[in-house]
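**Student:** model this:
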Amino acid sequence: MSFQDDFWKRKIEKSMDHIQVPESVFTFAKELPFQMEQQQKRKLTRKSKWRKWLTIAAASVVIGISAGAYISPSFAAYIKSFFIRPELDEGLQTAAKEGFSETTEASVTDHGITLKIKEIMADTNRLIFTYSLENKNGKFIDPTILFAKEQWGPEQTMYFVKGLNAFYITNEKGEIVSTNTTYQTKTGRMVSQSIDRVFPHGHHADLMFALNDKAREAKRLFIHIDIHQIGTVEGEWKLKIPVNMNKSMMATKTIPINKTYVTKDGLQVTIKNLVHSPTLTSIDIETSWTEEGKERPESHPEYWLGDQMFYQPLFDIVDSKGNIAATTLPRWDIEKSKSAVFVYKEELPSRHPNIVRWRYSFLPFSPKGTYTFVFRGIERVEFPNQSMTFSVDELKKQPISLRYKGNTLTLHQLRLDKRKQAGILETEENTYSFMYFELSDEKQRVYTINTKDFSETPIIHYDKNTMMYNIKRNTIVDGMNKMPKQLTVTLKTVIVSYLNENWHVSLPARNE
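**Tutor:** Take a look at the predicted model:
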């Protein structure tokens, strides 16, 4: 699985790293609305062209209260918290201002390098902590030296753990409660890690973790850090840091909803709970197919990859004025802050193979606001395997188009780039989020569509009425060092939206 696939995987399979999502799918799926925002800002400020984007005998200390680790509650109420910074979301900043963070003196030293944990904040949805690294002279070391860094988009740096280094969260039973995601980096390395985000700031960095359902009842969580190498220095830096969850749990309110709806296609959707925690508001949803709904996909081979089908619910949360407060749709015409911060998906064991539980977490809703859940439909990953063969001479005369369920892929001109030893194919996509295609020649050679070369800038337009994107770009076709006579384009994967529902459920106010 390539790194681009993980945007979809993180969207609907956050904790399911064993599910293999198809190769090179949905480069744009999650970030596309925000690339539009960046593009518009550049037009207004006349900045330089949009940068390339997306296309994926050691000292070991276990810290406990008896071991001397001191944690002072309500740290942020007395001095400025590390978590009150504009680059962090409002949920984290507000919770820190309200005193939900803790400071700690947990540290470990080996080979003259000291790892210090400075501040921690956690609720039932996520945990974040700040750390620093210092050498034997007390001078700071770049905290991101622990990670391999890659640029995956405009102002989007991805951080991957190096070697055998590990960071994760457990509950009192020792169960891992931090969700795990597997990536393939640009270098081809497979990385599985619990860290959701890394936020460097000055001499410090924050690590943020998304938590699964096993964290909801935990009175204490434990941060586990196991580092075997810092830069070129090998050693052992181990910490186990307890985090008291009592204050967070007391501030968390779970409101049962238990409303059910069946779609026209036979998908049963149940809103289970609305959960307000200090840093996020979550909505718990359960989906399952009715007997009629199970039969329909069987007659649609394009829905399946092996024996698996990938879909997710689409909905808006609107306020009393009809404004969108939160959404799972890839809308460009709303702020990024209204999209889900985390999506956690759990498929029940084999005795309930049809039931899927979802938890969508958004920035906190206003405690005084009244909101309505509006179910719009679903989006599904489909595998049409739809092909068209044409001569290159024909392409010179007129564009070639493939259409699938409202999505259109158009190929315009093909030329060779001798410097890159590749073909440059002018493509245009009219799509809900993204389409992936393959290209082969008359000798059945399948070319690699290069999604890692950021030198070509796409032009993106969005129609807010249809919620469709028009994307024009020069697609790099690796290995095409001479012009083929004939080409076959195969549409492999498409995200298709089915926005044919309109189910409304009033959500109780937080203070009810």
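
**Student:** so H111 versus I117, what's the distance?
**Tutor:** Distance, H111 to I117, by C-beta to C-beta, to the nearest Å: 19 Å. Any C-beta I mention is one placed from the backbone N, CA and C, and that applies to glycine too.

**Student:** buried residues in stretch 222-231, which are they?
**Tutor:** 222-225, 227, 229-230 (16 or more other C-beta atoms under 10 Å).

**Student:** distance from it to the middle of the chain?
**Tutor:** Its chain's C-alpha centre and that of stretch 222-231 lie 24 Å apart, by C-alpha atoms, centre = their mean, to the nearest Å.

**Student:** with stretch 210-223 instead?
**Tutor:** 20 Å.

**Student:** ok, stretch 288-305 next?
**Tutor:** 27 Å.

**Student:** number of residues surrounding G163?
**Tutor:** 11 (other C-beta atoms under 10 Å).

**Student:** how close does it get to T109?
**Tutor:** With C-beta to C-beta as the criterion, G163 and T109 are 20 Å apart.

**Student:** ok, N470 next?
**Tutor:** 56 Å.

**Student:** returning to that earlier point: of the buried residues of stretch 222-231, closest to P200?
**Tutor:** I230 (15.4 Å; C-beta to C-beta).

**Student:** quick check: bridge partners of the closest one?
**Tutor:** Beta-bridge partners recorded for I230 (DSSP bridges): V233.

**Student:** what's near enough to touch it?
**Tutor:** 113, 115, 133, 141, 145-146, 237 (C-beta atoms under 8 Å, 6 or more residues apart in numbering).

**Student:** next one: H461
**Tutor:** Neighbours of H461 in contact, by C-beta under 8 Å, 6+ apart: 469-470.

**Student:** before we move on, back to that, of H111 and I117, give the one with the bigger neighbour count.
**Tutor:** Counting neighbours by other C-beta under 10 Å for H111 and for I117 shows that I117 has the greater number, 22 against 15.

**Student:** which helix or which strand is home to that one?
**Tutor:** strand 113-122 (DSSP states H and E).

**Student:** helices or strands up against that strand?
**Tutor:** Applying 3 or more C-beta pairs under 8 Å, 6 or more residues apart in numbering; DSSP states H and E, one finds that strand 113-122 contacts helix 90-97, strand 101-104, strand 107-110, strand 126-134, strand 220-230, strand 233-244.

**Student:** now do that strand and helix 90-97, the angle between them.
**Tutor:** Strand 113-122 runs at 100 degrees relative to helix 90-97, counting by axes from the mean of the first three to the mean of the last three C-alpha atoms, to 10 degrees.

**Student:** what lines up beside strand 113-122 in the sheet?
**Tutor:** With DSSP bridges as the test, strand 113-122 pairs up with strand 101-104 (antiparallel), strand 107-110 (antiparallel), strand 126-134 (antiparallel).

**Student:** so how far is it off the chain centroid?
**Tutor:** With C-alpha atoms, centre = their mean, you get 25 Å for strand 113-122.

**Student:** that strand to strand 220-230, inter-axis angle?
**Tutor:** Using the same axes, to 10 degrees: strand 113-122 against strand 220-230 is 150 degrees.

**Student:** average pLDDT for strand 113-122?
**Tutor:** The average pLDDT for strand 113-122 rounds to 98.

**Student:** same thing with stretch 138-151?
**Tutor:** Mean predicted confidence for stretch 138-151 is 96.

**Student:** can you give me how far that stretch is from the chain middle?
**Tutor:** 23 Å.

**Student:** same deal with stretch 133-152?
**Tutor:** The answer for stretch 133-152 is 25 Å, by C-alpha atoms, centre = their mean.

**Student:** related to what we said a few turns ago, turn the contacts of I230 into TSV, including distance to S387 and neighbour count.
**Tutor:** TSV is the format used below for the contacts of I230 (distance: C-beta to C-beta, whole Å; neighbours: other C-beta atoms under 10 Å):
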residue	distance to S387	neighbour count
I113	56	19
L115	54	23
L133	53	23
I141	54	18
I145	48	16
L146	46	26
W237	54	26
